[in-house]
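Chemist: Fold the following, please.
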Amino acid sequence: MKNINYKKLGTLLFFFGLSVSALFFNACKDDSEENNTPVTITKVFLEDAQDKNKVFDRDLTPYGNFVRLGQTIRLEGRGFVGVTKVLVNGFECVFNPVFLSDNSMIVQISSKVPTLDVPDDIRNTICFVKGAQKYYFPLEIRAGKPSITDISHTMPAAGDEITITGTGLQLTDTITFPGDPQVVVTEGITSDDEDGKWVKVIVPAGVNKSGSIFVKCANGGAYSPANFNFKEGLLHNFDDVQNYAWGSGVDNTPLTATIPANAKPASQGGYQVFNAEGNLAGNTDQRFWLNSNAVMDKLTALFPGSTLTDQCGVQMDIYVEGEWNSGVIRMVMADGWGNSRYCMLYEPVYVGGKYDKAAFVNPGAWFTITLPFSLSEDFADKSVADVIAQMAAATYKQAGPWFDNVGITGVFDAIPATEKVYFDNIRVVSLATAPAFSDFPDEE
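Modeler: Numbers count the residues shown, from 1 in each chain. As a prediction, this is how the structure comes out:
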């Protein structure tokens with residue numbers, strides 16, 4: 001007996017019902033009268049048989065009448081019989097005459113519809129060609145949902161410039177920072193309006209809470225993971241938060257000169273450095289250890305034990321002096337199991353098992369590196385409770401970052417590392433995106 005895909009069957013029945021309705025209403029009209037009727041639109045509906053909230057025929061009118069590329073919409077109004085073409089931002093889109101009546105039609109918005117490189121007079125319009133007439137109606141056209149994948153520095157000072165990286169971030173006009181109250185920026189924003197991959201903004205004063213950054217752009221909105229300004233996760237900052245255990249090649253005496261002198265983000269009070277001489281030999285490491293009891297206490301206080309390891313991790317801020325030519329940062333969570341166990345790696349010049357020095361582009365200022373616990377094969381697909389249990393079982397109660405000047409076995413023999421890596425603000429953070437953004441605010 002063949003398996004039945006009930007989800008697909010439900011989708012087919014859903015659109016079949018629309019088809020039958022369209023045929024019924026179409027049969028009840030006089031063709032000559034309909035062909036002379038101007039096209040008008042009274043409502044726009046999103047057709048989505050897979051909607052997780054089971055709103056398969058959603059009225060978009062309360063939300064401002066917008067549609068994303070690739071979506072299917074149903075239009076209510078009058079005068080659709082006789083339409084021969086439908087143009088969205090000037091691009092012809094498909095409609096099926098089987099679903100057509102004088103009062104309703106279904107249009108598939110092509111993924112090829114342009115959203116930005118469009119003349120102003122037809123941008124965000126849908127046009128119906130009917131005989132010699134063209135009828136235009138406003139309809140906001142958005143690309144795919146935007147997303148935020150990275151923030152260049154998640155614990156910056158007011159006045160620092162940060163870069164928000166993601167997708168679909170064209171024409172960003174508003175950035176909201178966490179605070180009490182929230183801090184909204186609408187000026188001085190620079191966005192990548194061609195590819196939508198980044199946004200730059202100066203951090204405002206008043207960011208006095210941790211949380212997500214919200215970006216509003218031409219394609220809608222997106223939240224970042226909720227770890228911006230996450231000072232409650234601080235483990236060690238060389239100033240007022242101290243959990244030092246011991247060091248090998250690096251001690252806890254803070255360096256305090258402001259670096260870099262002519263760029264932002266710059267250092268924040270005290271910090272320390274790996275490879276201070278800029279000549280660390282290959283297959284050599286330097287270690288900065290924290291008391292892992294303090295780390296376990298912080299994890300227990302901040303995260304339910306069931307939190308998955310891809311939803312939390314360790315962040316630290318670094319500044320790189322020189323060209324990164326060799327070595328990795330190894331964040332070790334459980335000491336005593338060997339160099340490669342229970343740790344997460346930051347590998348800027350080792351990409352996909354290959355050595356690529358050009359892969360690291362030095363920003364010339366401090367930036368944040370993020371190391372989810374799931375990066376460790378020992379912690380992948382596990383929970384925070386598993387991380388804590390392994391830390392408790394470790395031979396030595398210490399955890400922290402190393403600079404490990406290793407190569408890639410059989411590919412690249414480690415050479416003397418010439419870069420100096422300054423570090424600060426070691427912290428545990430959430431990597432969950434909260435709140436989740438929805439096109440429909442009543443569902444957030």
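Chemist: CA only for contacts and neighbour counts going forward, please
Modeler: Noted.
Chemist: Would you map the helices across the stretch 201-350 of the chain?
Modeler: Secondary structure of the stretch 201-350 of the chain by DSSP state H, counting those that start in this stretch: the helices cover 292-302.
Chemist: Show me where the stretch 1-150 of the chain has its strands.
Modeler: Taking DSSP state E, counting those that start in this stretch, the strands of the stretch 1-150 of the chain run over residues 40-47, 57-59, 66-68, 72-78, 85-88, 91-95, 104-108, 125-130, 133-138, 140-142, 147-151.
Chemist: Turn these into TSV, columns for distance to Asn275.
Modeler: As requested, the strands of the stretch 1-150 of the chain are arranged in TSV below (distance: least, C-alpha to C-alpha, whole Å):
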stretch	distance to Asn275
strand 40-47	57
strand 57-59	59
strand 66-68	50
strand 72-78	57
strand 85-88	58
strand 91-95	57
strand 104-108	58
strand 125-130	59
strand 133-138	60
strand 140-142	48
strand 147-151	26
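Chemist: Distance to Ile318 and mean neighbour count for those strands - can I get that in JSON lines?
Modeler: Listed next are these as JSON lines, based on distance: least, C-alpha to C-alpha, whole Å; neighbours: other C-alpha atoms under 10 Å:
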{"stretch": "strand 40-47", "distance to Ile318": "46", "mean neighbour count": "18"}
{"stretch": "strand 57-59", "distance to Ile318": "47", "mean neighbour count": "16"}
{"stretch": "strand 66-68", "distance to Ile318": "39", "mean neighbour count": "21"}
{"stretch": "strand 72-78", "distance to Ile318": "46", "mean neighbour count": "19"}
{"stretch": "strand 85-88", "distance to Ile318": "47", "mean neighbour count": "22"}
{"stretch": "strand 91-95", "distance to Ile318": "47", "mean neighbour count": "17"}
{"stretch": "strand 104-108", "distance to Ile318": "48", "mean neighbour count": "22"}
{"stretch": "strand 125-130", "distance to Ile318": "47", "mean neighbour count": "21"}
{"stretch": "strand 133-138", "distance to Ile318": "48", "mean neighbour count": "15"}
{"stretch": "strand 140-142", "distance to Ile318": "37", "mean neighbour count": "22"}
{"stretch": "strand 147-151", "distance to Ile318": "14", "mean neighbour count": "20"}
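Chemist: for those, which one sits closest to Asp297?
Modeler: Closest to Asp297 of the strands of the stretch 1-150 of the chain, according to C-alpha to C-alpha: strand 147-151, at 26.8 Å.
Chemist: And the average pLDDT for that closest one is what?
Modeler: In this model, strand 147-151 has an average pLDDT of 97.
Chemist: which strands and helices sit next to that strand?
Modeler: The helices and strands touching strand 147-151, judged by 3 or more C-alpha pairs under 8 Å, 6 or more residues apart in numbering; DSSP states H and E, are strand 161-167, strand 220-223.
Chemist: what residues does that strand touch?
Modeler: 162-169, 221-225, 368 (C-alpha atoms under 8 Å, 6 or more residues apart in numbering).
Chemist: Tell me the one of those residues nearest Gln182?
Modeler: Taking these together and measuring to Gln182 by C-alpha to C-alpha, the closest member is Tyr223, at 13.8 Å.
Chemist: dump the residue contacts of the closest residue to the closest one other than its chain neighbours.
Modeler: Among residues not flanking Tyr223 along the chain, Phe214 sits closest, at 4.5 Å (C-alpha to C-alpha, 6 or more residues apart in numbering). For Phe214, the contact set (C-alpha under 8 Å, 6+ apart) comprises Ile175, Thr176, Phe177, Gly221, Ala222, Tyr223, Ser224.
Chemist: of the strands of the stretch 1-150 of the chain, which approaches Asp386 most closely?
Modeler: Nearest of the strands of the stretch 1-150 of the chain to Asp386, taken as C-alpha to C-alpha: strand 147-151 at 26.0 Å.
Chemist: how deep is the closest residue to Val250 other than its chain neighbours tucked in, by neighbour count?
Modeler: Distances taken as C-alpha to C-alpha, 6+ apart place Phe288 nearest to Val250, at 6.1 Å, with adjacent residues excluded. Phe288 is flanked by 24 other residues according to other C-alpha atoms under 10 Å.
Chemist: Tell me the spacing between Phe288 and Gly270.
Modeler: Distance, Phe288 to Gly270, using C-alpha to C-alpha, to the nearest Å: 15 Å.
Chemist: Check which helix or strand Asp386 maps to.
Modeler: helix 384-393 (DSSP states H and E).
Chemist: List the buried residues of that helix.
Modeler: Buried residues in helix 384-393, counted by 16 or more other C-alpha atoms under 10 Å: Val384, Ala385, Asp386, Val387, Ile388, Gln390, Met391, Ala392.
Chemist: With distance to Arg427 and pLDDT as new columns, can the residues you listed be given to me in a markdown table?
Modeler: Shown next, in a markdown table, are the buried residues of helix 384-393 (distance: C-alpha to C-alpha, whole Å; pLDDT from 0 to 100):
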| residue | distance to Arg427 | pLDDT |
| --- | --- | --- |
| Val384 | 15 | 98 |
| Ala385 | 18 | 98 |
| Asp386 | 19 | 98 |
| Val387 | 15 | 98 |
| Ile388 | 15 | 98 |
| Gln390 | 19 | 96 |
| Met391 | 16 | 96 |
| Ala392 | 19 | 96 |
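Chemist: okay if I get these as CSV plus distance to Arg78?
Modeler: CSV is the format used below for the buried residues of helix 384-393 (distance: C-alpha to C-alpha, whole Å):
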residue, distance to Arg78
Val384, 58
Ala385, 60
Asp386, 61
Val387, 62
Ile388, 64
Gln390, 67
Met391, 68
Ala392, 70
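Chemist: Looking at these, which is nearest Thr125?
Modeler: Of all those, Thr125 sits closest to Val384, with 49.4 Å by C-alpha to C-alpha.
Chemist: Can you check the pLDDT for the closest residue to that closest one other than its chain neighbours?
Modeler: Using C-alpha to C-alpha, 6+ apart and skipping residues adjacent in sequence, the residue nearest Val384 is Gly305, 5.1 Å away. Gly305 carries a pLDDT value of 98.
Chemist: so who does Gly305 touch?
Modeler: Neighbours of Gly305 in contact, by C-alpha under 8 Å, 6+ apart: Ser383, Val384, Ala385, Asp386.
Chemist: With adjacent residues omitted, what lies nearest to the third one?
Modeler: Same thing as Ala385. Distances taken as C-alpha to C-alpha, 6+ apart place Gly305 nearest to Ala385, at 4.4 Å, with adjacent residues excluded.
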